[in-house]
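> Whatever this is, show me its structure:
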Amino acid sequence: MSQGSNQFKIGDRTVGENYPPLVIAEIGINHEGNIEKALRMVDDAIAVGCECVKFQSHVIEDEMIPNDVVPGNTTETIWQIMQRCSLTEKEEIEIKEYVESKGAIFLSTPFSRAAAVRLEAMDVVAYKIGSGECNNYPLISHIAGYGKPVLLSTGMNDILSIKPAVEILRKHKVPFSLFHCTSMYPTPYEKIRLGSLIDLREAFPDSLLGLSDHSIGNYTCFGAIPLGARILEKHFTSDLSWDGPDIPISILPSDLQELISGSIAIHKALGGKKEILPEEQATIDFAYACVVTIRDIEKGEIFSEKNIWVKRPGTGEIKAAHYYDLLGKKAAMDISQNTQLKWKHAKT
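Predicted coordinates:
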């Protein structure tokens, strides 16, 4: 399958090479378990034109055992964070219904089998699988069994460990997108490695490409578009003063609006060939130079640098590119100064 044919639908939105990138506002756990914050972020994202918001689904007892592991971007244990930030099933249903009532797409990342079961009961349109689960082949197989599109982040994985996940997705014949991702919070620009998109395209030509970006700002998302990324995911918040481990790497509504409009503009600008457009003719008419006489010329006189040169506008018959073709030829008639030359003015 060629890269251009890798398209599928997430709800009613078609994603693919020939479509503007889908921007996902990753609300994640930035709500800190507060549904009012969650709904505000939904409103703020949709207000600036975002088509898709994404959350995280955590059923803690099915996701992990009690532990004291501290992620690199916080001082709390992951157990403490998830206890505070997880939403109830009722809250997730309420958020999904609210998002869809606004005409947007609701997505969520299940971090366990129980979370996937919950989301399937909610009838989500697609599944986002995080980088930590990229090599969790049992969970990927469970999710792929639902037969819905899968968006798979690939941070902390290489081509070798991604291959089994892709084989599972192919086996279940689900459309899928592979997201390049670097699991550092924030990710320094020199660690982004947008060249990984080329590696993913070459290794998995049947995948649509995406970028899950943890760097500061929108630069790397914009840079990923010419390399084939057609789904862009950024952490999102309404207020950078809020608490939360992902808040420092999140973009604000104004940044999200810029990402959406910029990605549309860049996508429109891609492709094409180096040729002269009909729409450039108006500029050609004044910007090109043509061959003109720089003094009066008598019939039979030889054209030279002393009597002809190139000047604007570009409305003459002989453009500057053909100046040297006239040198040495004889004038076929008397010609006054500042005349745009035509081929009939020269003896053949």
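> count of neighbours near the nearest residue to Ala332 once chain neighbours are set aside?
Leaving aside its chain neighbours, Ala332 sits nearest to Lys347 (4.8 Å; criterion: C-beta to C-beta, 6 or more residues apart in numbering). Where you see a C-beta, it was placed from the backbone N, CA and C, and this is true even at glycine. By other C-beta atoms under 10 Å, 13 other residues sit near Lys347.
> Please report the distance of the residue positioned nearest the centre of the chain from Ala45.
Nearest to the geometric centre of the chain sits Ile225, at 4.1 Å (C-alpha atoms, centre = their mean). According to C-beta to C-beta, to the nearest Å, Ile225 and Ala45 sit 20 Å apart.
> burial measure for Ala45, as a count.
With other C-beta under 10 Å as criterion, Ala45 counts 29.
> That one falls within a strand, correct?
No - assessed with DSSP: H, G, I helix; E, B strand; the rest coil, Ala45 is helix; it does not lie in a strand.
> Just say helix, strand or coil for the closest residue to it other than its chain neighbours.
Distances taken as C-beta to C-beta, 6+ apart place Ala25 nearest to Ala45, at 4.1 Å, with adjacent residues excluded. Put simply, Ala25 is strand when judged by three-state DSSP.
> Surely Ala25 touches Lys54?
Yes - counting by C-beta atoms under 8 Å, Lys54 is a contact partner of Ala25 at 7.0 Å.
> So which of these two has more stuff around it?
Ala25 (30 against 21).
> Which pLDDT value goes with that one?
Looking at Ala25, its pLDDT is 98.
> sorry, back to before: quick one: contacts for the residue nearest to the centre of the chain?
Residues in contact with Ile225, defined by C-beta atoms under 8 Å, 6 or more residues apart in numbering, are 21, 232, 263, 266-267, 270.
> One more pass at 7 Å, please.
Ile225 makes contacts with 21, 263, 266-267, as judged by C-beta atoms under 7 Å, 6 or more residues apart in numbering.
> Check what pLDDT it gets.
Looking at Ile225, the pLDDT reads 98.
> for it, phi and psi?
With angles defined as degrees, to the nearest 10, Ile225 sits at phi -60, psi -50.
> Might one say that Gly328 is in contact with Glu301?
No - contact criterion C-beta atoms under 7 Å: Gly328 and Glu301 do not qualify, at 11.6 Å.
> neighbour-wise, which of these two wins?
Between Gly328 and Glu301, counted using other C-beta under 10 Å, Glu301 has the larger neighbour count: 14 against 10.
> what about the residue lying closest to that one once chain neighbours are set aside, distance to Phe106?
With C-beta to C-beta, 6+ apart as the criterion, Glu301 has its nearest non-adjacent residue at 4.9 Å, and that residue is Ala331. To Phe106, Ala331 is 77 Å away according to C-beta to C-beta.
> One more: Gly130?
Separation of Gly130 from Phe106 (C-beta to C-beta) stands at 17 Å.
> How many neighbouring residues does Glu258 have?
Number of residues near Glu258 (other C-beta under 10 Å) recorded here: 16.
> which residues touch it?
By C-beta under 7 Å, 6+ apart, the contact set of Glu258 is Asn218.
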